[in-house]
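# Only the shape, not the letters, is given here:
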Ligand code: BJW
Ligand code: ZN
């Protein structure tokens with residue numbers, strides 16, 4: 001493994017542009033559960049009851065309660081060593097650095113990264129279905145305050161600004177992410193199972209364009225087959241080794 005990390009570190013040293021894709025695994029050491037696998041959220045909460053627009057229309061309060069609970073957990077969480085490695089890489093690469101995340105936990109921004117593309121939204125944002133405004137909201141609500149009233153038009157037809165299954169990602173954002181995957185020299189995937197499209201297609205784009213792709217994950221994933229090197233282990237342990 002040390003040899004492969006050295007190789008990845010060497011590729012990074014020679015690169016001008018790096019693009020990173022992160023998933024829930026990078027935040028696990030910060031105390032935020034992942035989705036799949038043991039202890040994953042989908043083991044306790046079914047996708048069809050909590051993560052589709054149909055589920056939300058059926059029972060907005062129930063879906064809001066789930067996001068409110070996760071928001072509380074996420075608000076208390078601090079970035080871990082893996083997040084800080086990405087802050088250091090942005091400091092080194094400056095404009096040549098881009099971070100595409102599937103996470104809604106805001107931890108990359110909290111750690112200090114600036115060039116962050118949030119493909120699946122942000123748990124600290126509310127979207128109003130009546131006036132269409134999207135606004136920042138860190139409040140943890142009491143049960144009887146859910147769904148929260150829109151801060152602009154007072155409507156209770158609000159939703160978390162996240163992307164559920166069956167919903168389209170922001171078109172400009174996904175186009176930008178694809179361009180960043182195609183135009184980098186090194187593509188790094190961290191802590192994602194690669195089970196969700198279109199995010200999981202990004203490493204494939206980089207590989208097809210002949211870029212060096214390296215994956216840091218606790219186990220082999222659907223992304224591993226597109227990676228030149230796979231570094232198995234917890235990202236908070238393995239990623240810092242890149243900077244040694
Ligand atoms: C560690 C670690 C440590 C642990 N260190 N590693 C093409 C083909 C087939 C289907 C589709 C397709 N295109 C679209 C679809 C449908 C669907 C889809 O992909 N379905 C799949 C099941 C196949 N995609 C969509 O619906 C997307 N929309 C879309 O494409 O619109 C157009 C369209 C619509 C309909 C049909 C066709 C086209 C939207 C997807 C939205 C996903 N939303 C969620 C919820 C967000 C809000 C919330 O958080 O509540 O996003 S689902 C969930 O999965 C969340 C995550 O961002 C996402 C990815 O999960 P992630 O991050 O990979 O987490 P895990 O848990 O899966 O993996 C963690 C990994 O870390 C594991 O490997 C661990 O081992 C590892 N790990 N500890 C390093 N310490
Ligand atoms: Zn409104």
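Great, that's in hand. The shown structure was predicted, so the numbers you read here are calculated from the model rather than taken from an experiment. Ligands and ions are numbered 1, 2, ... in the order given.

# can you give me the strands in this protein?
For the chain, the strands defined by DSSP state E occupy 18-22, 97-101, 116-118, 121-128, 134-136, 158-162, 186-190, 212-217, 229-232.

# Tell me which of those sits nearest to residue 196.
strand 18-22 (11.4 Å; CB to CB). C-beta coordinates here come from the backbone N, C-alpha and C atoms, glycine included.

# Averaged pLDDT, that closest one. What do you get?
The average pLDDT within strand 18-22 is 98.

# now for that strand, which elements pack on it?
Secondary-structure packing of strand 18-22 (3 or more CB pairs under 8 Å, 6 or more residues apart in numbering; DSSP states H and E): helix 81-93, strand 97-101, helix 171-183, strand 186-190, helix 202-208.

# Could you single out the most deeply buried of these?
strand 186-190 (a mean of 27; mean count of other CB atoms under 10 Å).

# Paired strands for that strand, with orientation please.
strand 18-22 (parallel), strand 212-217 (parallel) (DSSP bridges).

# Count the neighbours of residue 161 for me.
By the criterion of other CB atoms under 10 Å, residue 161 has 20 neighbours.

# re the thing from before, can you redo the helices and strands packed on strand 18-22 as CSV with mean pLDDT and distance to ligand 2?
Output for the helices and strands packed on strand 18-22, formatted as CSV (pLDDT from 0 to 100; distance: least, CB to the ion, whole Å):
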stretch, mean pLDDT, distance to ligand 2
helix 81-93, 98, 33
strand 97-101, 98, 27
helix 171-183, 98, 22
strand 186-190, 98, 36
helix 202-208, 98, 33
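
# quick one: which of those is nearest residue 139?
strand 97-101 (22.9 Å).

# Could you check the top helix by length along the chain against ligand 1 for contacts?
As assigned by DSSP state H, the longest helix anywhere in the chain is helix 60-76. No: Helix 60-76 stays clear of ligand 1 (CB under 6 Å from any ligand atom), getting no nearer than 7.0 Å.

# the inter-axis angle of that helix versus strand 158-162?
Relative orientation of helix 60-76 and strand 158-162, computed by axes from the mean of the first three to the mean of the last three CA atoms, to 10 degrees: 50 degrees.

# list the buried ones in helix 60-76?
60, 63-68, 70-71, 74 (16 or more other CB atoms under 10 Å).

# Pick the one among the residues you listed closest to residue 181.
Nearest member of these to residue 181, counting by CB to CB, is residue 74, at 26.6 Å.

# tally of neighbours for the closest residue to the closest one other than its chain neighbours?
Setting aside the residues directly before and after it, residue 74 is nearest to residue 105 in space (CB to CB, 6 or more residues apart in numbering), at 4.8 Å. Using other CB under 10 Å, residue 105 has 25 neighbouring residues.

# In contact with residue 105: list those residues for me.
27, 30, 32, 74, 77, 123 (CB atoms under 8 Å, 6 or more residues apart in numbering).

# what sits against the second one?
Counting by CB under 8 Å, 6+ apart, residue 30 touches 77-80, 83, 105, 107.

# can you tell me which of the residues you listed lies nearest to residue 14?
residue 83 (24.3 Å).

# Okay, the closest one and residue 240: tell me how far apart.
Applying CB to CB, to the nearest Å, the value for residue 83 to residue 240 is 11 Å.

# do the same with residue 219
From residue 219 to residue 240 the distance is 19 Å (CB to CB).

# So these two - more neighbours on which side?
More neighbours surround residue 240 than the other of residue 219 and residue 240, with 14 against 11 (other CB under 10 Å).

# Go ahead and confirm the more buried one touches residue 81.
Yes: using CB atoms under 8 Å, residue 240 makes contact with residue 81 at a distance of 5.3 Å.
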